[in-house]
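Enquirer: dropping a prediction and its sequence here:
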Amino acid sequence: MTKALGKDSTCSIARSLEVLGDSWTLLVVREAVVAHATRFQEFRDALGIAPNILTKRLALLVDEGLMERRTYREPGVRAREEYVLTEAGRSLSVVIAALASWGRTHRPRSDGTSPRFALEDSGTVAQLAFVTADGEVVPPQLLTARRTADSLLESAVEASMSR
């Protein structure tokens, strides 16, 4: 694991950035989420990343439980490793979607591209949103955030789900 980040290393954001705070790491995750990349060469081709840097980022993602190594073998070729997102890694699709939304809004480019998230079986497009326990979609500008113990947040979520 990487070293603690900042004065308040108990903060969930700091804990997340200890793993994901490097731009190459997030771009590797983006390729796995959006392009379904699993092989070393796929990541290299898509990102133009140096092999030693990619090796380190993939090892970090495996060590932190966001990806797992799986051996594959194509006929007539030696066995190789592929890197497959775990449940924790797949859950980063929300982070990738949030970064994409922010980039479209606040760093627009006429030639820009963004991922589109849709249900696999029906193709229905999904949107990123803050939603109350009652299902009300809330615009971000109406929200406020305060530091809260993780254990209290989990209790609040469980209580709202049981209503």
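Expert: Structure received. Numbers count the residues shown, from 1 in each chain.
Enquirer: and the gap between D22 and I53?
Expert: From D22 across to I53, the span is 9 Å (CB to CB, to the nearest Å). C-beta: built from backbone N, CA, C; applies to glycine.
Enquirer: I misspoke; the intended subject was S114.
Expert: 25 Å.
Enquirer: repeat for V28
Expert: 10 Å.
Enquirer: among the two, which residue is more densely surrounded?
Expert: V28 (26 against 15; other CB atoms under 10 Å).
Enquirer: dump the residue contacts of the most centrally placed residue in the chain.
Expert: For the chain, the residue nearest the mean C-alpha position is L92 (2.5 Å; CA atoms, centre = their mean). L92 makes contacts with L20, V29, V33, L66, L85, as judged by CB atoms under 8 Å, 6 or more residues apart in numbering.
Enquirer: can you give me the helices in the chain?
Expert: For the chain, applying DSSP state H gives helices covering 12-20, 23-34, 40-47, 51-63, 87-90, 93-106, 150-161.
Enquirer: for the last one, the averaged confidence score.
Expert: Predicted confidence along helix 150-161 averages 71 (mean pLDDT).
Enquirer: cool, the fourth one as well?
Expert: Taken as a whole, helix 51-63 has an average pLDDT of 98.
Enquirer: what's the angle from that helix to helix 40-47?
Expert: Calculated by axes from the mean of the first three to the mean of the last three CA atoms, to 10 degrees, helix 51-63 forms an angle of 110 degrees with helix 40-47.
Enquirer: does anything pack onto helix 51-63? Which helices or strands?
Expert: For helix 51-63, the packing partners by 3 or more CB pairs under 8 Å, 6 or more residues apart in numbering; DSSP states H and E come out as helix 23-34, helix 40-47, strand 67-72, strand 80-85.
Enquirer: now with 7 Å, please.
Expert: helix 23-34, helix 40-47, strand 67-72 (3 or more CB pairs under 7 Å, 6 or more residues apart in numbering; DSSP states H and E).
Enquirer: for the ones you listed, give me TSV that also has mean pLDDT.
Expert: Output for these, formatted as TSV (pLDDT from 0 to 100):
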stretch	mean pLDDT
helix 23-34	98
helix 40-47	98
strand 67-72	97
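Enquirer: out of these, nearest to R107?
Expert: helix 23-34 (13.9 Å; CB to CB).
Enquirer: that closest one vs helix 12-20, what angle?
Expert: Helix 23-34 runs at 90 degrees relative to helix 12-20, counting by the same axes, to 10 degrees.
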